[in-house]
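Peer 1: with the input below, show me the fold.
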Amino acid sequence: MDEHLIALETLGAQARKVRVPRDLEGLDGIVIPGGESTVLDKLARAFNLAEPLAALIREGLPILATCAGLIYLAKHVDNPARGQCTLETLDATVRRNAFGTQRASFDTTVDVGWGSAVFTGVQASFIRAPIVTEVGSAVQAIAVLKSGEVVGVRQDNIIALSFHPEETGDYRIHQAWLNLIKNHAEQVI
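Peer 2: Residues are numbered from 1 along each chain as shown. A predicted model of the protein is given here:
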């Protein structure tokens, strides 16, 4: 999470951590980071954050989700942990740990694009990363590995990635997401 904060602040955005529902007040967008998707779920439910967060996402709050964040947004998880819940805001099916264990983690480059924003050779770190196995009609694949796995999707206000762009120092994705927030704010006014 701190890497996302560094990326956003480096790009001139004001950022803060969200831990409880009152932290959601006044946000223009939110990053749901990597980590462990089951921990995200348990903590969000324990601190009564899950429902207010899901409501804001459904209302159009811009979201950038990476790795575990992608899993946490998905309507369906291929291999959920026992009792695992998600926010069910992204019309997609995701497979957890699709590339294997921590030892199978890898770095590569991937092309990412949505709308007029197209980025070639984005440095991407895959750490026990998920893949998207199915998408609904409103979901667009925005990043696909050369081997064919979908590792990035967009659905309206949601950008969700299997990988960690914040780990590599390549902040083009963060900048494009900030541009989406700016455009969203202009449309709301």
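Peer 1: beta partners for the most centrally placed residue in the chain?
Peer 2: Central residue of the chain (Cα atoms, centre = their mean): Ala65, 1.1 Å from the mean position. Counting by DSSP bridges, Ala65 is bridged to Ile32, Ala160.
Peer 1: wait, Thr133 touches Val77, no?
Peer 2: No - contact criterion Cβ atoms under 8 Å: Thr133 and Val77 do not qualify, at 9.9 Å. All C-beta atoms are positioned from the backbone trio N, CA, C, and that covers glycine.
Peer 1: what do these two both touch?
Peer 2: 93-95 (Cβ atoms under 8 Å, 6 or more residues apart in numbering).
Peer 1: among these, name the ones in helices.
Peer 2: Among these, none falls in helices (DSSP state H).
Peer 1: who wins for most neighbours among those?
Peer 2: Val94 (29 neighbours; other Cβ atoms under 10 Å).
Peer 1: pLDDT at the closest residue in space to it that isn't next to it in sequence, what is it?
Peer 2: In this structure, Val94 finds its nearest non-sequential neighbour in Ala74, 4.2 Å apart by Cβ to Cβ, 6 or more residues apart in numbering. Model confidence at Ala74, expressed as pLDDT, equals 98.
Peer 1: begin at 385 from here
Peer 2: Noted, 385 is the first residue going forward, which turns the last one into Ala458.
Peer 1: name all residues that make contact with Ala458.
Peer 2: 470, 472, 474, 476-478.
Peer 1: verify the contact between the residue nearest to the centre of the chain and Tyr456 for me.
Peer 2: Yes - using Cβ under 8 Å, Ala449 is in contact with Tyr456, at 7.0 Å.
Peer 1: which residues do these two both contact?
Peer 2: By Cβ under 8 Å, 6+ apart, Ala449 and Tyr456 have these common neighbours: Ile416.
Peer 1: quick one, helices of this protein?
Peer 2: Using DSSP H, helices in the chain cover 386-394, 421-430, 434-442, 452-457, 556-572.
Peer 1: so for the second one, mean pLDDT?
Peer 2: Averaging the model's pLDDT scores along helix 421-430 yields 95.
Peer 1: alpha carbons of that helix, as PDB, please.
Peer 2: C-alpha atoms of helix 421-430 as PDB (Å, rounded to 0.1, in the frame of the first residue of the first chain):
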ATOM      1  CA  SER A 421      -7.400 -11.000  -0.600                       C
ATOM      2  CA  THR A 422      -8.700 -13.000   2.400                       C
ATOM      3  CA  VAL A 423      -7.200 -10.500   4.800                       C
ATOM      4  CA  LEU A 424      -8.700  -7.600   2.800                       C
ATOM      5  CA  ASP A 425     -12.000  -9.200   3.100                       C
ATOM      6  CA  LYS A 426     -11.800 -10.000   6.900                       C
ATOM      7  CA  LEU A 427     -10.500  -6.600   7.800                       C
ATOM      8  CA  ALA A 428     -13.100  -4.700   5.700                       C
ATOM      9  CA  ARG A 429     -15.900  -6.700   7.300                       C
ATOM     10  CA  ALA A 430     -14.400  -6.400  10.800                       C
END
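Peer 1: many thanks, I have nothing further to ask.
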